[in-house]
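Enquirer: Give me a 3D structure for the following:
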Amino acid sequence: MRTCAAQHHQQLCVMNSSSAEQLQTALCVADSVCCLRLPPDAGGDSTMVGIVTFDSTVHFFNVAKGQTTPQMLVMADVNDVYAPMSSELLARLSDSREQLQELLGSIPSMFGAAAGPECCAAAAIEACVELLKPTGGKIHAFMSSLPNCGARALKLRDGNINVSDKEKQTGLLPQDLTYMTMASQAADFNVCIDLFLLAQHYIDVATLSTLTHTTGGSLYHYLPFNPMMDQDQLLNDLKWNVSRGQALEAILRVRCSAGLDVEGYLGDFHKPPNSPTDLYLPAIDCDKAMVAKLAIVDKLSPNSEVYLQCALLYTTTDGRRLVRISTLALPVSDQMGAVFKGADFDSQLAYLARQVAVTVPGGTSAAAKDLIMLRITATLAAYRKFCATSSSSVQLILPEALKLLPLFSLALHKSPILRPDVRPDERSLWLASMIGSSCGRIMGLLHPRLFAVHHLLRSGSMPSDGALPEPLILSSEMLDEGGLYLMDSGADLLLFLDQSVPDQIVQELFGMPNMPALLQTPQPLPLTPQDTPS
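Expert: Next up is the predicted model:
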């Protein structure tokens, strides 16, 4: 893997100009981000930015300082991909902010009349990878349809959702393995690919997600895309993507003390065949997590300690090369009771979800369900055998630290990963989320948390310690008439209002006189600011 000593953070926005409505939305979002003042730890105004659009051809825009009219360069041959010189197409954000905003405002008029069904998205992304090879950087690709022309064109596959448990899920495998080759080449040159899917129909997430999975990118989906409802979410996602703390050109290694060995990893990373110990991460951020599976290869002495160390060598967005080392010491015990007492439920669930996520594509739902059952029964059988021998054989005995394991296993069975009534794109999105998400996000996706907030509104204050109220059991019996509830699904925060919610709450939150008036109001509906100065 090549380490690039880039002086400035490079970012390319790639947009589909063959869909006027989605293009307009993406441009509005990109224009808002251009107005954003990035913090120094996110690259600041020294960030280098480029704009690329595509339909049946690829269009590069040269925005240079002091240049009144941007120059457009067209790559007409989308089967033989190349890229112009990057120095001509990447402009410093602080020097060219106005020109970039003017260009973004004029693009809809350039392509509005020429919108058609052709989409050479794969060729455009490959060209951007070629453009960023000398320096590395990030590609933000906005796609509204299936890549159907040019290099790596994809075909519309069977979207049958009625797949039996014993039928192989071949529709969840990439249909073109050259996408993996392109992703590996991008990762070798420290190019990270983020995808924003603004499609109305099937877009083959199973194939496209290999680009984000291998390069450490993020996959954002708005399916089916509704410009009125989804524009604010899209803007929020892109702002967070460019402003969050993140590391580039990273290399990660996990070391163990004697008696332990790292058997494998699960997550979003690039692992070349000639690198048995290191993981390569063109980009990594606070929303990503990986699992390292440890194996006991030698006898460990009781009452001693074993040591784990994670070393991350990375480049900050302002060009500094740093290393972060985390070391963990764990006690060794020959008592199974102590092992179960110290079990980490979140980590065990995240590992189980990742195992299922890598089993389903190309496999069967029945095999994944058997895997879940095998893991649960093996864990509970070991606890009964070594820690609860005196209990009745017909009594279900659960270790305190893992008492929610059966509940979340059932939630995993009922998730879109294993349900039969789920379209391939939605299932692929869930698989991608399970492989790369943190423990907290996975728990929220499988079993949302529900909070009753009407009590807080009536009292007029949060608890003195700032703690959230206790989450409710997900049952209709727990809901109060006239209640107001906030649900954390791991991906979204959803506000539920009962039909008989008091008019005062509706007025304070939404500025509407009552619930019937709220239901007749066109969406989206902004919340009324409630913060009071201290």
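
Enquirer: Can you mark which positions in the helix or strand hosting residue 232 are buried?
Expert: Per DSSP states H and E, residue 232 falls inside helix 227-243. Residues of helix 227-243 classed as buried: 230, 231, 234, 235, 237, 238, 241, 242, 243 (neighbour count, 16 or more other C-beta atoms under 10 Å). Where you see a C-beta, it was placed from the backbone N, CA and C, and this is true even at glycine.

Enquirer: and if you look at stretch 351-361?
Expert: Using 16+ other C-beta under 10 Å as the test for burial, stretch 351-361 gives 351, 352, 353, 354, 355, 356, 357, 359, 360, 361.

Enquirer: do stretch 193-204 as well
Expert: 193, 194, 195, 196, 197, 198, 199, 202, 203, 204.

Enquirer: From those residues, which land in helices?
Expert: If you go by DSSP state H, those have nothing in helices.

Enquirer: Looking at the buried residues of stretch 351-361, spot the one nearest residue 69.
Expert: Closest to residue 69 out of these is residue 361 (47.7 Å), distances taken as C-beta to C-beta.

Enquirer: what's the closest non-adjacent residue to the closest one?
Expert: residue 172 (3.9 Å; C-beta to C-beta, 6 or more residues apart in numbering).

Enquirer: Please name the residues that touch the one you found.
Expert: Residues near residue 172 by C-beta atoms under 8 Å, 6 or more residues apart in numbering: 206, 360, 361, 362, 424, 427, 428, 431.

Enquirer: if we go to 7 Å?
Expert: Taking C-beta atoms under 7 Å, 6 or more residues apart in numbering, we find residue 172 in contact with 206, 360, 361, 424, 427, 428, 431.

Enquirer: Kindly indicate the member of the residues you listed with the most neighbours.
Expert: Counting neighbours by other C-beta atoms under 10 Å, residue 428 comes out on top of these with 29 neighbours.

Enquirer: buried ones in the helix or strand that contains residue 307?
Expert: Assigned by DSSP H and E, residue 307 belongs to strand 305-315. The neighbour-count check on strand 305-315 (16+ other C-beta under 10 Å) flags 306, 308, 312, 313, 314, 315 as buried.

Enquirer: Over to the nearest residue to the second one once chain neighbours are set aside. Which of the three states is it?
Expert: So that's residue 308. Nearest residue to residue 308, sequence neighbours excluded (C-beta to C-beta, 6+ apart): residue 328, at 4.6 Å. Using DSSP: H, G, I helix; E, B strand; the rest coil, the structure places residue 328 in strand.

Enquirer: Tell me which stretches of the stretch 401-534 of the chain form strands.
Expert: Assigned by DSSP state E, counting those that start in this stretch, the strands in the stretch 401-534 of the chain fall at 449-452, 484-488, 493-497.

Enquirer: Of those strands, which is nearest residue 435?
Expert: Smallest distance to residue 435 across those (C-beta to C-beta): 21.0 Å, for strand 484-488.

Enquirer: From the contact counts, what lies against that closest one?
Expert: strand 449-452, strand 493-497 (3 or more C-beta pairs under 7 Å, 6 or more residues apart in numbering; DSSP states H and E).

Enquirer: how about those in JSON lines, adding distance to residue 146, mean pLDDT and mean neighbour count?
Expert: What follows is the helices and strands packed on strand 484-488, written out as JSON lines (distance: least, C-beta to C-beta, whole Å; pLDDT from 0 to 100; neighbours: other C-beta atoms under 10 Å):
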{"stretch": "strand 449-452", "distance to residue 146": "36", "mean pLDDT": "92", "mean neighbour count": "17"}
{"stretch": "strand 493-497", "distance to residue 146": "30", "mean pLDDT": "90", "mean neighbour count": "13"}
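
Enquirer: What's the separation between the residue lying closest to residue 471 once chain neighbours are set aside and residue 317?
Expert: The spatial neighbour of residue 471 that comes closest, neighbours along the chain excluded (C-beta to C-beta, 6+ apart), is residue 449 at 4.2 Å. Here the criterion is C-beta to C-beta, to the nearest Å. By it, residue 449 lies 33 Å from residue 317.

Enquirer: Okay, and which of the contacts of residue 172 map to helices?
Expert: In this view, those that belong to helices under DSSP H are 206, 424, 427, 428, 431.

Enquirer: Test my guess that the second one contacts residue 171.
Expert: Yes: counting by C-beta atoms under 7 Å, residue 424 touches residue 171, with 4.5 Å between them.

Enquirer: shared neighbours, those two?
Expert: Shared contacts of residue 424 and residue 171, counting by C-beta under 7 Å, 6+ apart, come down to residue 206.

Enquirer: which residues sit in contact with residue 472?
Expert: Contacts for residue 472 (C-beta under 7 Å, 6+ apart) come out as 450, 452, 478.

Enquirer: Enumerate the beta-bridge partners assigned to it.
Expert: Note on residue 472: beta-bridge partners residue 450, judged by DSSP bridges.

Enquirer: try residue 330
Expert: residue 306.

Enquirer: burial count for it?
Expert: Neighbours of residue 330 using other C-beta under 10 Å come to 12.

Enquirer: Tell me how far it lies from residue 155.
Expert: Counting by C-beta to C-beta, the gap from residue 330 to residue 155 is 50 Å.

Enquirer: just residue 258 next, same as before
Expert: 52 Å.

Enquirer: for the stretch 401-534 of the chain, what are the low-confidence residue spans?
Expert: Scanning the stretch 401-534 of the chain for pLDDT under 70 picks out 460-466, 523-534.

Enquirer: and if we set it to 50?
Expert: Within the stretch 401-534 of the chain, the stretches with pLDDT under 50 are 532-534.

Enquirer: before we move on, what about the stretch 1-150 of the chain?
Expert: Flagging of the stretch 1-150 of the chain using pLDDT under 50 yields the residue ranges 4-7.

Enquirer: Would you map the helices across it?
Expert: Shown for the stretch 1-150 of the chain, the helices assigned by DSSP state H, counting those that start in this stretch span residues 20-35, 86-89, 93-111, 121-132.

Enquirer: For those helices, give me JSON lines that also has mean neighbour count and distance to residue 287.
Expert: Below are those laid out as JSON lines (neighbours: other C-beta atoms under 10 Å; distance: least, C-beta to C-beta, whole Å):
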{"stretch": "helix 20-35", "mean neighbour count": "20", "distance to residue 287": "18"}
{"stretch": "helix 86-89", "mean neighbour count": "17", "distance to residue 287": "28"}
{"stretch": "helix 93-111", "mean neighbour count": "17", "distance to residue 287": "23"}
{"stretch": "helix 121-132", "mean neighbour count": "27", "distance to residue 287": "21"}
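
Enquirer: Which of the buried residues of stretch 351-361 fall in helices?
Expert: Per DSSP H, the subset of the buried residues of stretch 351-361 in helices is 351, 352, 353, 354, 355, 356, 357, 359.

Enquirer: Just to check, the second one is in contact with residue 373?
Expert: No: if you go by C-beta under 7 Å, residue 352 and residue 373 don't touch, sitting 11.1 Å apart.

Enquirer: Now do the same for the residue of the chain positioned farthest from its centre: helix, strand or coil?
Expert: Using C-alpha atoms, centre = their mean, the residue of the chain lying farthest from its centre is residue 390. It sits 46.0 Å away. For residue 390, the assignment made with three-state DSSP gives coil.

Enquirer: Show me what the longest helix seen in the chain packs onto, helices and strands only.
Expert: Counting by DSSP H, the longest helix found in the chain is helix 365-387. Other elements packing on helix 365-387 under the criterion 3+ C-beta pairs under 7 Å, 6+ apart are helix 336-341, helix 345-359, helix 405-414.

Enquirer: among the ones you listed, which is nearest residue 24?
Expert: Evaluated with C-beta to C-beta, those place helix 345-359 nearest to residue 24, the distance being 34.9 Å.

Enquirer: That closest one to helix 365-387, inter-axis angle?
Expert: Computed by axes from the mean of the first three to the mean of the last three C-alpha atoms, to 10 degrees, the angle separating helix 345-359 from helix 365-387 equals 150 degrees.

Enquirer: what does helix 345-359 contact?
Expert: By C-beta under 7 Å, 6+ apart, helix 345-359 touches 266, 291, 367-368, 371-372, 375, 401-402, 404-405, 408, 412, 417, 431, 434-435, 439, 442-443.

Enquirer: Format the CA atom coordinates belonging to that helix as CSV.
Expert: The C-alpha coordinates for helix 345-359 follow below in CSV (Å, rounded to 0.1, in the frame of the first residue of the first chain):
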residue,chain,number,x,y,z
PHE,A,345,-22.6,-8.7,25.8
ASP,A,346,-22.3,-5.9,23.3
SER,A,347,-19.1,-7.4,21.8
GLN,A,348,-20.5,-10.9,21.6
LEU,A,349,-23.6,-9.7,19.8
ALA,A,350,-21.6,-7.6,17.4
TYR,A,351,-19.4,-10.6,16.5
LEU,A,352,-22.5,-12.8,16.1
ALA,A,353,-24.1,-10.3,13.8
ARG,A,354,-21.0,-10.0,11.7
GLN,A,355,-20.7,-13.7,11.4
VAL,A,356,-24.3,-13.9,10.1
ALA,A,357,-23.6,-11.0,7.7
VAL,A,358,-20.8,-12.8,6.0
THR,A,359,-22.7,-16.1,6.0
